[in-house]
Every structure is written in structure tokens, then in C-alpha cells.
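>>> Here is a sequence with its predicted model. Questions after.
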Amino acid sequence: MAEFEFKERYDRNFNTLSLKEQKQLKALRVIVIGLGGLGGGVCEILARVGIGHLTLIDGDSFEPSNLNRQLLSQEDLMGVPKAMAAKKRVNAINCEVNVESFIEYLDESNMYDRIKNGDLVVDCLDTIDVRFILQNAASKASIPIVSGAIAGMTGQVTTIYPGDMGYKLIYGEEVQKQSKGVETVTGNLGCCALFVAALQSAEVLKILLNRKDILRNKLLISELWTNTFEIVELI
Amino acid sequence: MIKIDLNLFVTLSKYLPEDSDCFEVSDNTSVEKLISDLGIEQGSVKLIFVNGKKQDHRYVLKNGDRLGLFPPVGGG
């Protein structure tokens, strides 16, 4: 693996990020749960921007229907675990990143253990009920969640801190097991997945670097057919 | 009668009436009543927002309101 001098690798991050902030990012761990359309984009961006430690988790393997939008998927990787491909991709982009991956689905039994050592967790999941399990675990671990979700050309992003009402404000109180949203009808397009992944990645940077305008108790909704972008105040 | 700017997202967009940006509704119409009048199943709306703020289904619409109805979105 090629090693480059720190300032040279991150030259184009400056001065949008300061050298001090760049060094801050190197010391932090971000957990990415779900390595599909959103997670693949988030991994790509966070590895390039210089997050020092990434934990990448997904129990799924690639299939042909992933190719329309998932950056980590490619024709010769059908049947390969997404977490394996994600680790390989991050290593190829930035050998300075310490990356660990887990080929497993998360539930009440293992969620907390997987996220407890992180500074922040990025929700790139594709089931609604598991997001509630994540919220409980992240609250216990005292770390924020940056959550994204997509359906068709519509996406949403929010940030949830420990103790916040979080997903209840978006999905309501009653959520059944294995519950999906309207993406089961609309499918998901790559432009929407990567747009939302970019918004999530920006939110991650803002939180880790103590910047302003965090989407806490707010839901950013984007609708790409009509160029509609709205930040909804949830409380 | 009052006029509202009605925005229906994703799968709800098929219920969007003509002139949705200046859609006429009766005075004292609640969001719940409007959802029903549009033929939308109540359970398919997860998030209601008016003028950029979350509201519940009992909210009574006012002239000039910008209403958004949003379904559950959960894909990754």
C-alpha cells in the first residue's frame, strides 16, 4: 500500500478543514451499519476524508439487483459479503484508516457490543424496526446516530442524540418486526442513494468537528424529481 | 374556502390533485379529513408537516398553509 505524507494526502481538504480538525478525525471511530446504497457511499467518503477508524457491518452479500446503486457492488462480486468488499475498498482508498468489518446482522443481542466503542454511528439500515434497536443501543453507549433512508428519488436524513425521541418522531410508536417502507414499491435509484450518503457524511463531519446546523430533531427531506428540499422541525 | 399548498411525497404523489399548489379546502378542515377526502389510507401517512413543522392529524388547516404528507421511508 502506498503511504503518503499526511498533509499531501489531505491537501484538498484544506482549508475547508483545518490541520487540527484533520488530526481530530484521525483519532475518531465511526461505525457504519448497513453497506448497501447508503453505506457504500458513506464508506467511500469517510475513508477519503480521513476518519481514522471505521467499523463496517452488514450480514448481506451482493446480488445483481445491487448493481444499480451500490458503489461497493460489482459484477465479479456476486455472492461476496458486503462487509468484506467494504473493508477491501477502504484499504484500497486509504491505508491510513484502521478498518474492521463484521459479516453479521445486528439485533438486540449484539447491537450494543458492536457500537459501544464508537464515537458516532451511521444508520444505513434498510429495515425500520432495527433502527429502533440501534437507537436504544446508541443511547446506552452515549453516542449520536446519523440516520439516512431512501425510497425511489426521495431521501431523508436526521441526527439522533442519546435521549432524543428520534425515530418515534418519524415512524411513530408502533413498528412491526422486519418492517420496510415504501421503497418496497419504488425501488431505489443510485443518484438518490449517493445524494443521501453525501448528506449523511457531511452531517458526520459537522458532529465530529463540533460545527453548527446539526439536523437534531429535524428531518431533511429531499425529492430529486422535483428538486424539493425541506428541513422539517420534528418538535 | 381556503387555499393551501399541498405536497404529497413518494407513493402518496399519485393522489395529488390538480392545482395542488393552490388547492381549495373548506374552512376548518383537519389534516385527517383532507387525507380521507383525497382517498389516502390514514396509515400510509407517517409524517405530517405544515409550514416546515411536524403536526398531527388533528391540525386544522389555515389559508396559505404549506402541507406535506410523507410515507414511511426506510430503504438503505
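The structure has been received and is ready for your questions. Residues are numbered from 1 along each chain as shown, chains lettered A, B, ... in the order given.
>>> any idea how far the nearest residue to B:Phe70 once chain neighbours are set aside lies from A:Ile235?
The spatial neighbour of B:Phe70 that comes closest, neighbours along the chain excluded (CB to CB, 6 or more residues apart in numbering or on different chains), is B:Leu47 at 3.9 Å. (C-beta placed from N, C-alpha, C; glycine too.) Applying CB to CB, to the nearest Å, the value for B:Leu47 to A:Ile235 is 13 Å.
>>> try A:Lys26
35 Å.
>>> okay, those two: which has more neighbours?
In this view A:Lys26 and A:Ile235 are compared by other CB atoms under 10 Å in any protein chain shown, and A:Lys26 has more residues nearby, 16 against 10.
>>> for A:Val42, helix, strand, or coil?
Here A:Val42 is recorded as helix under DSSP: H, G, I helix; E, B strand; the rest coil.
>>> show me the contacts for it.
Shown in contact with A:Val42 (CB atoms under 8 Å, 6 or more residues apart in numbering or on different chains): A:32, A:122, A:124, A:148, A:197, A:200-201, A:204.
>>> As a check, name the ranges of all helices in chain A.
Per DSSP state H, chain A carries helices over the ranges A:6-9, A:19-26, A:37-49, A:82-93, A:111-115, A:128-141, A:167-171, A:183-186, A:190-208.
>>> Identify each buried residue in the last one, please.
When you say that, I think you mean helix A:190-208. For helix A:190-208, burial by neighbour count (16 or more other CB atoms under 10 Å in any protein chain shown) applies to A:192-208.
>>> Number of residues surrounding residue 29?
Picking chain A for this. A:Arg29, neighbours per other CB under 10 Å, totals 18.
>>> nope, chain B
17.
>>> In contact with it, which residues?
By CB under 8 Å, 6+ apart, the contact list for B:Thr29 reads B:2, B:37, B:60-61.
>>> could you redo the last one with a cut-off of 6 Å?
B:Leu61 (CB atoms under 6 Å, 6 or more residues apart in numbering or on different chains).
>>> How about the one 3 residues further on?
With contacts defined as CB under 6 Å, 6+ apart, B:Glu32 is in contact with B:His57.
>>> Give the buried residues for the helix or strand hosting it.
In the assignment (DSSP states H and E), B:Glu32 maps to helix B:31-37. Neighbour-count burial for helix B:31-37 flags B:31-35 (criterion: 16+ other CB under 10 Å).
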